[in-house]
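Novice: mind folding the following:
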Amino acid sequence: MGTQAPSLGAAKPLYSDGKHLAHQILLETMAAIDLRRAMLAKLKRRNGTLLAGDIEVHLSAMRRTRVVAFGKAASRMALALDEILGGQIEAGIIVAPSEAARKSDRFRYFVGGHPYPNAGSVEGARAALDLVSNLTADDTVIFLVSGGGSSLFEWPLNPELRLGELLEFNRILVTSALPIEQINALRKHLSAVKGGRLGVRAYPAQQFTIYVSDVPDQYPSMVASGPTMADESTVDECYSLAEQHQLAAKFPPEIRKHFEQRTLEETPKPSDPRFSNSRYFCVLSNHDAVAAAKSAAEKLGFVCEIDSNAWDGDFRQVADTNLAALDALKNRHPDSPVALVVGGEVTCPVTGPGVGGRNQAFALYAAQRIAGQQRVVLSAGTDGRDGNSPSAGAVADGHTIARARDRGFDPAEYLAQSDSYHFFCSLGDNVEIGFTDNNVRDVRVWLNF
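Specialist: Numbers count the residues shown, from 1 in each chain. From the prediction side, this is the model:
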């Protein structure tokens, strides 16, 4: 994508400040994708109508709206919507990964589990199913959907399935090397709320889904496994995935039998008339974060480009591709500091018992590739959490590997043990931004001085 010269007033950035500058770019990115600001800017109430882009949702003067919010951004989205609608909400359900800092008496709150479902996940989903049942065409339901909803919000199709088995099923999927769209295809076909089934339950009510996307643009129905959207994936695809990756044998018995006996139930498809009253609006996506990071880098004096290559894939492959793009950018601007911005979510299979996630693993692998060079790399999740660690990600520069070896650390061993968190924590290079109540995938920033 296109580059832009740095602003005339910007001082030339220095390599000695590189990690600090990368942090600054991330913090400015997070400020730019503030959820309340985005919702207030993109959603308007005019008379009795909620406006979102070219979508108009007519709110009944006689019946107030019901709201179901689930995902990492659920609490903040619900508060912003309540601010916009101003008393139009009759009742709502919120399922989020932590207690809401501010609560409204119009909502019932549940704390779901992430990255694996817990009792709050199923209790919240059950309450949501009850809230949207037995509605009429005169009713309106607004769904607020964000990343993390696949584990935070769950009710299994199979009533015999216990929570422990559901948790183990999700653990196997999350720690595999499958991309998110394949993981969620499998989740959908075992769920009573995913894959459009929550939307089907709310039919024939008017339905409006406002979502924050944490998936590739071409897969909107994969956000939180698409509870309100028709599903394009099929049971045959699920059987093929399980066979190809030898997953069925690892699944708990109550789940494994559906694959062995081929008894998965098909999800509702795009042609299903029960979605005729449903509309959808993406309020934030990864592209918003990447564009904000590019703008922040340019303000700091970098010639910046957004990498146009694939953003999703094996973390090592993506890092290598990014470095090739960074080389090309630097060759075009040899006298200027340059920045490359990348989004998406890399895949990173868990190979050891350590603490970390895909962003810290990406930074650790990249640190080895830029050792001795005047380069910096930062990779972080916009939700503030990376894998099973408390960090959002990590930052590294050309000195990182030398500093680690001086302390007796073997980077390859930390990577093999999936323990990138402790590697960077020991060096003071974890990225800590706290839980953000938002999630638009990851942001990676490469700097070359």
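Novice: quick one: contacts for the residue minimising distance to the centre of the chain?
Specialist: Centroid-nearest residue in the chain: D214, 3.3 Å away (criterion: Cα atoms, centre = their mean). Going by Cβ atoms under 8 Å, 6 or more residues apart in numbering, D214 touches 146-148, 180, 223, 286, 345, 383, 439-441. Quick note: C-beta positions are derived from backbone N, CA and C, even for glycine.
Novice: redo the residues you listed as TSV? Include secondary structure and distance to L50.
Specialist: Below are the contacts of D214 laid out as TSV (DSSP: H, G, I helix; E, B strand; the rest coil; distance: Cβ to Cβ, whole Å):
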residue	secondary structure	distance to L50
S146	coil	18
G147	coil	23
G148	coil	25
I180	helix	30
V223	helix	20
N286	helix	25
E345	coil	31
D383	coil	27
N439	coil	23
V440	coil	22
R441	coil	27
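Novice: domain assignment for this structure?
Specialist: As given by automatic domain parsing, the domain ranges for the chain are 15-32+287-448, 35-276.
Novice: apart from its neighbours in sequence, what residue is nearest R403?
Specialist: Excluding the flanking residues, the one nearest R403 by Cβ to Cβ, 6 or more residues apart in numbering is L427, at 5.9 Å.
Novice: which residues of the stretch 1-150 of the chain score low on pLDDT?
Specialist: 1-10 (pLDDT under 70).
Novice: switch to 90 and redo it
Specialist: By pLDDT under 90, the weakly predicted segments of the stretch 1-150 of the chain are 1-11, 47-48, 60-64, 86-87, 101, 115, 147.
Novice: now, among the contacts of D214, which is nearest to F107?
Specialist: S146 (15.5 Å; Cβ to Cβ).
Novice: tally up the residues packed near the closest one, please.
Specialist: 30 (other Cβ atoms under 10 Å).
Novice: would you map the strands across the stretch 301-449 of the chain?
Specialist: Here the stretch 301-449 of the chain has its strands, by DSSP state E, counting those that start in this stretch, at 303-306, 313-314, 338-342, 346-347, 375-381, 393-397, 430-431, 442-448.
Novice: as TSV, those with mean neighbour count and distance to G164 would be great.
Specialist: Shown next, in TSV, are the strands of the stretch 301-449 of the chain (neighbours: other Cβ atoms under 10 Å; distance: least, Cβ to Cβ, whole Å):
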stretch	mean neighbour count	distance to G164
strand 303-306	23	43
strand 313-314	16	31
strand 338-342	27	38
strand 346-347	20	26
strand 375-381	29	27
strand 393-397	30	31
strand 430-431	24	32
strand 442-448	27	30
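Novice: between those, which gets nearest to A31?
Specialist: Nearest of these (Cβ to Cβ): strand 442-448, 12.8 Å.
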